[in-house]
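[1] Model the structure of this input:
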Amino acid sequence: MTPITNKIVFNLLEGVVALYPANPNGTPQTASPIWTGSVAESLGIRSNWLMEETRPTGSTYPCKHPLIPQYTINLGRVWILDSQLGPQGYDASYPSYVLDIVWTHEVTQQWYRKTFYGVTIGEQGWNARDIENGLLEDQQFNAQYYVPAFGSNAATMPVISQSLPYTVNYTDANGTVMLYTYDPVAQQFALVGNSGLASIGYSSQAFSLAFGAGSPVLQTSGVGSPIYDAPGLVYDGGGPPGLPYDSAVMQVNGGLYIGLPSSTDLPRLDFMYGNQRVFTVTTLGLFGMSFTDGQPGTIPAGGYAILSGGSVVAACSPGLVESVQTLTTA
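    I've put the predicted structure just below:
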């Protein structure tokens, strides 16, 4: 049995739930919470996987393959009314919401957060526990996905972003897991999964992305002279072979491809903005909708910045990968 060391146990009293209406693009209206900090008597969160069933030849039993999880949040709140304003309460008048749950340890002030997106109301009702106690308002919400966050000091805990979450999902034959989140302000990746599956690293001088213990697929330093006009590429450098190598340019050790990789091209990393795929990296190279050269300025909403030496050398936004110099391949 694994000893319980360096573990944190949260209870219901240490949790705060906030519900925000969502804009049409799914971002939360953080300035207009519907309710926040109300007393909760019960909280339950369940993950339900969408399944695909196959029947292999000769097999007695069918095989179920989990595809993606969906989430159900059950919340029982003490039913309260404002005696001055009348029976306002919670009214399911918005098509979608963002639901944020934060636990803060009473002693250590360590905190953990789950922010659910694509939230819709499923059920709402009232439950009398007995003849004298107050009523519980039971609410059931369904969510498409959530993003975790954690920290060691509640005093510095950030508020949830007014943009959609940036996540990097790893997929192999066993399924899909969230591996990194991305902070568009700090332009940094934060590990939330197993770095042994794939690693994204940035020091003061270099960016590197690799699968497992393999060689980097994307990197901005420590690479040899680029190879131009390699056969079989959808897009290539197009420059003369004698062009000097610039270590501040992003190199793709593979190909640049328009569109999506094959479903069998595994493992892969999907860089997401909300539910939208921005670009994908596999061991074969970089997949995007289009590629261009330019001088990336302000990174648009949903975009990822690739840094080298503190400067942006590539801006990867929905539909476009723009680099400060022709992307090189080797």
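
[2] Spatially nearest residue to the spatially most central residue of the chain, not counting backbone neighbours?
    Central residue of the chain (Cα atoms, centre = their mean): T167, 2.5 Å from the mean position. Spatially, and ignoring its direct neighbours in sequence, T167 is nearest to M272 (4.9 Å; Cβ to Cβ, 6 or more residues apart in numbering). (Each C-beta comes from the backbone N, C-alpha and C, glycine too.)

[3] Report the contact partners of that neighbour.
    M272 sits next to P165, Y166, T167, V168, N169, V278 when contact means Cβ atoms under 8 Å, 6 or more residues apart in numbering.

[4] So which of those residues are in strands?
    Y166, T167, V168, N169, V278 (DSSP state E).

[5] I'd like the contacts of M272 laid out as CSV, including distance to L256 and pLDDT.
    Below are the contacts of M272 laid out as CSV (distance: Cβ to Cβ, whole Å; pLDDT from 0 to 100):
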residue, distance to L256, pLDDT
P165, 27, 90
Y166, 22, 92
T167, 23, 92
V168, 19, 95
N169, 21, 93
V278, 15, 93
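
[6] Could you pick out the longest strand of this protein?
    Assignment by DSSP E gives strand 111-128 as the longest strand of the chain.

[7] Buried residues of the next helix or strand after that one, list them for me.
    Proceeding N to C from strand 111-128, the next assigned helix or strand is strand 135-143, under DSSP states H and E. Neighbour counts over strand 135-143 (16 or more other Cβ atoms under 10 Å) mark L136, E137, D138, Q139, F141, N142, A143 as buried.

[8] Tally up the residues packed near the closest residue in space to L266 that isn't next to it in sequence, please.
    What sits nearest to L266 in space, not counting adjacent residues and going by Cβ to Cβ, 6+ apart, is D172, at 4.9 Å. Residues near D172, counting by other Cβ atoms under 10 Å, number 13.

[9] Please tell me I have it right and D172 contacts L197.
    Yes. Using Cβ atoms under 8 Å, D172 makes contact with L197 at a distance of 7.5 Å.

[10] shared neighbours, the two?
    By Cβ under 8 Å, 6+ apart, D172 and L197 have these common neighbours: P267.

[11] In three-state terms, label L13 for me.
    Using DSSP: H, G, I helix; E, B strand; the rest coil, the secondary structure recorded for L13 is helix.
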